[in-house]
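# what's the 3D shape of this:
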Amino acid sequence: MTTMSIRVPDALHHAIKDLATKEGYSMNQFLITAAAEKLSSLDTVDYLRSLAERADLAAFDRIMKMIPSGPPDPGDELPATSKRSTRQRTE
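Numbering: from 1, shown residues only. All right, here's what the predicted structure looks like:
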C-alpha cells in the first residue's frame, strides 16, 4: 500500500472529518471509499459509452418492429397518476 499526502482546504478537511466520525469511519477509510466510488462511476460511464458506440441501432429497430402493437398486459399499465408522457408506437 502506498502513502499519499494531499492538501485540502480547511473547511473540506473539517467536513470530511465530521462526516467520517459521524458514520463511524476513519478519515482514511472515508477518502479511500470516496475515491473508489468516483473511479467506479467514471468506469461505468466509459463502459456505457463504449456500448453505445458499438450498438447496432438498425438491428434494434428491426427487433422492436417485431413486437406487436396493443394495450399493455394486465399489471404493466402506467399508474393513472403517472406524469410520464406516453408515446404511441408507429408501425
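
# Please report how far the residue positioned nearest the centre of the chain lies from residue 1.
With distances taken as CA atoms, centre = their mean, the residue of the chain nearest its centroid is residue 41 (7.2 Å). If you measure residue 41 against residue 1 using CB to CB, to the nearest Å, the figure is 23 Å. (C-beta placed from N, C-alpha, C; glycine too.)

# just to revisit the earlier point, could you list every helix and strand in contact with whichever strand or helix holds the residue nearest to the centre of the chain?
The secondary structure element spanning residue 41 is helix 27-54 (assigned by DSSP states H and E). Helices and strands in packing contact with helix 27-54 are listed as helix 10-23; criterion 3 or more CB pairs under 8 Å, 6 or more residues apart in numbering; DSSP states H and E.

# circling back: could you measure from the residue nearest to the centre of the chain over to residue 26?
23 Å.

# CA atoms only for the lowest-mean-pLDDT helix or strand in the chain, dumped as CSV, please.
Of the helices and strands making up the chain, the lowest-confidence element is helix 57-65, at a mean of 92, by mean pLDDT, DSSP states H and E. What follows is helix 57-65 as a C-alpha-only set of coordinates in CSV (Å, rounded to 0.1, in the frame of the first residue of the first chain):
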residue,chain,number,x,y,z
LEU,A,57,-29.3,0.5,-33.9
ALA,A,58,-30.7,-0.9,-37.2
ALA,A,59,-30.8,-4.3,-35.6
PHE,A,60,-32.5,-2.8,-32.5
ASP,A,61,-35.2,-1.2,-34.7
ARG,A,62,-35.8,-4.5,-36.6
ILE,A,63,-36.3,-6.3,-33.3
MET,A,64,-38.6,-3.6,-31.9
LYS,A,65,-40.8,-3.7,-35.0
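
# Now do it: distance to the chain's middle.
25 Å (CA atoms, centre = their mean, to the nearest Å).

# in that helix, what's buried?
When burial is assessed from 16 or more other CB atoms under 10 Å, helix 57-65 yields no buried residues.

# and if you look at stretch 44-58?
Buried residues in stretch 44-58, defined by neighbour count with 16+ other CB under 10 Å: none.

# Sweet, I'm off.
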